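> here is my input; please provide its structure:
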Amino acid sequence: MNHPTSILRNAAGLVLVAMSIYGMGCAVEAGDLHVDLDEENLGEAVQGAAGDPGTLNHLRYQVLHNHGVQHTTRSLGAAALVNTSGSLPAMPYMPLPNATGRMVGARVEYLEILIGCALPAGTSVRDPNHILGYITFLGVPSPMYKFYNGEIGLAPDWTTRGLNTREKELVTACVLQRTNRFGEQVEIMLEGNHPAITRTEADKLLFPGVESRAWGNMFDSTMPLSTTNPLVDATSAPFNAYICHETASCPTGIPGILRQCDAMNACGFVYVGDCKDHWKYCVDKWLNNLPAPTCAQFQHNILASLKEADTVCLPPLVDDPGL
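Residues are numbered from 1 along each chain as shown. Take a look at the predicted model:
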């Protein structure tokens with residue numbers, strides 16, 4: 001993980017203020033400029049990409065399935081992500097920056113993943129409702145806002161228009177693969193039908209643990225939400241997420257379940273079994289009795305692979321000779 005790069009990117013607000021001061025022709029004396037940042041939020045701000053071709057997998061599934069988060073996601077996908085000044089909209093249903101309990105840190109956690117999946121590296125957007133601290137110049141405090149950085153670039157035009165269906169499915173698949181069953185931070189490599197995640201053989205050698213494929217479309221989901229209907233169970237699934245496992249990840253054993261969401265319907269995803277079997281059922285009209293979105297959205301699935309050190313395989317099951 002390249003912390004220096006991340007720190008430089010997230011210091012954009014500070015650099016902008018400094019440039020503004022310089023442009024005013026002001027000579028800054030010692031003591032004139034004071035920066036007061038929330039240390040906890042600054043610590044979150046410097047968490048960024050793990051570096052190409054890897055990215056980080058750490059989104060808690062409880063955050064992903066939060067109805068306020070998904071209400072916000074549907075709204076964001078329908079229009080340009082930011083206004084002309086590069087700021088995100090109000091997002092009234094999104095967990096607040098100072099949320100407590102199960103949703104502590106949820107706002108940053110989710111938006112880092114969502115925006116990181118969608119926008120390319122070198123792009124950043126501002127959250128005007130998340131103030132990290134203040135910078136004081138000549139006794140006048142000015143807010144320092146939280147910035148989110150692009151990383152992968154599956155929907156680079158989102159800053160100027162709403163997402164199309166392909167982009168919605170690709171970004172959804174990316175977010176799903178960056179969800180971790182236990183909220184642990186693991187480096188993964190994403191691969192799929194998009195130039196931003198087309199991998200070379202050299203890339204694949206770095207991440208030999210081919211694990212799972214995920215797909216879906218959370219942006220266009222019409223499943224009811226508790227944010228708009230108080231009779232809806234807030235713990236119900238807000239959208240259908242699908243995942244299958246790759247047998248290549250554990251050719252001689254059983255895939256481990258310490259990281260992935262591709263077993264036992266973990267993480268609120270619909271687990272459809274072995275990927276090759278699922279695809280066989282999708283392309284064979286005589287076998288295909290699966291719901292249409294399960295197959296239609298599969299064309300924009302994203303494959304996740306692990307480094308060898310993070311690949312866990314349980315030993316194969318054997319019959320007890322004593323039985």
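
> need the next SSE after the strand or helix carrying Val108, C-terminal direction.
Taking DSSP states H and E as the criterion, Val108 maps to helix 106-118. Once the chain leaves helix 106-118, the next helix or strand it forms, by DSSP H and E, is strand 124-137.

> now for that next one, which elements pack on it?
helix 12-23, strand 33-37, helix 39-45, helix 106-118, strand 140-149 (3 or more Cβ pairs under 8 Å, 6 or more residues apart in numbering; DSSP states H and E). Yep, even glycine has a C-beta here, placed from its N, CA and C like the rest.

> which residue is nearest the middle of the chain?
Ile113 (2.5 Å; Cα atoms, centre = their mean).

> confidence score at that residue?
Looking at Ile113, its pLDDT reads 98.

> I'd like the distance between it and Pro143.
24 Å (Cβ to Cβ, to the nearest Å).

> cool, and Leu231?
From Leu231 to Pro143 the distance is 39 Å (Cβ to Cβ).

> compare those two (neighbour count), which wins?
More crowded of Leu231 and Pro143, by other Cβ atoms under 10 Å: Pro143, with 13 against 6.

> that one pairs with what?
Beta-bridge pairing of Pro143 under DSSP bridges involves Tyr134.

> tell me how many other residues crowd the residue lying closest to Gly150 once chain neighbours are set aside.
Closest residue to Gly150 in three dimensions, ignoring its sequence neighbours and counting by Cβ to Cβ, 6 or more residues apart in numbering: Leu119, at 2.9 Å. The tally of other residues near Leu119 (other Cβ under 10 Å) stands at 26.

> for Leu119, give me its contacts.
Leu81, Val125, Asn149, Gly150, Glu151, Gly153, Ala155, Pro156, Trp158, Thr159 (Cβ atoms under 8 Å, 6 or more residues apart in numbering).

> for Trp279, same thing?
Contacts of Trp279 by Cβ under 8 Å, 6+ apart are Phe298.

> what helix or strand is it located in?
helix 275-283.

> is it true that Val63 lies in a helix?
Yes. Assessed by DSSP: H, G, I helix; E, B strand; the rest coil, Val63 belongs to a helix.

> pLDDT at it, what is it?
Value listed for Val63 in the pLDDT field: 97.

> distance of it from Gln70?
In terms of Cβ to Cβ, Val63 sits 10 Å off from Gln70.

> repeat for Gly216
Gly216 sits 12 Å away from Gln70, going by Cβ to Cβ.

> kindly report the same for Ser87.
Ser87 is 22 Å from Gln70, by Cβ to Cβ.

> and the nearest residue to Thr73 once chain neighbours are set aside, what is it in contact with?
Distances taken as Cβ to Cβ, 6+ apart place Met218 nearest to Thr73, at 5.6 Å, with adjacent residues excluded. For Met218, the contacting residues are Gln70, Thr73, Arg74, Lys168, Thr172, Val175, Pro238, Phe239, Ala241, by Cβ under 8 Å, 6+ apart.

> from the residues you listed, which one has the minimum pLDDT?
On pLDDT alone, Ala241 ranks lowest of the contacts of Met218, at 92.

> and that one, what are its bridge partners?
Under the criterion used (DSSP bridges), Ala241 bridges to Gly216.

> check Gly192 too.
Ile302.

> what is the burial count for it?
Other residues close to Gly192 by other Cβ under 10 Å number 23.

> starting at the chain centroid, how far to the strand or helix carrying Gly273?
Per DSSP H and E, Gly273 falls inside strand 270-274. Centroid separation for strand 270-274 versus its chain: 21 Å, with Cα atoms, centre = their mean, to the nearest Å.

> helices or strands next to it in the packing?
strand 241-245.

> residues touching the strand it packs on, excluding its own?
So strand 241-245 is contacted by 172, 176, 211-216, 218, 255, 260-263, 267-275, 278, 294, 297-298 (Cβ under 8 Å, 6+ apart).

> low-confidence stretches in the stretch 1-150 of the chain?
For the stretch 1-150 of the chain, the stretches flagged by pLDDT under 70 are 1-52.

> show me where the stretch 151-300 of the chain has helices.
Under the criterion DSSP state H, counting those that start in this stretch, helices of the stretch 151-300 of the chain are mapped to 165-177, 201-206, 275-283, 292-296.
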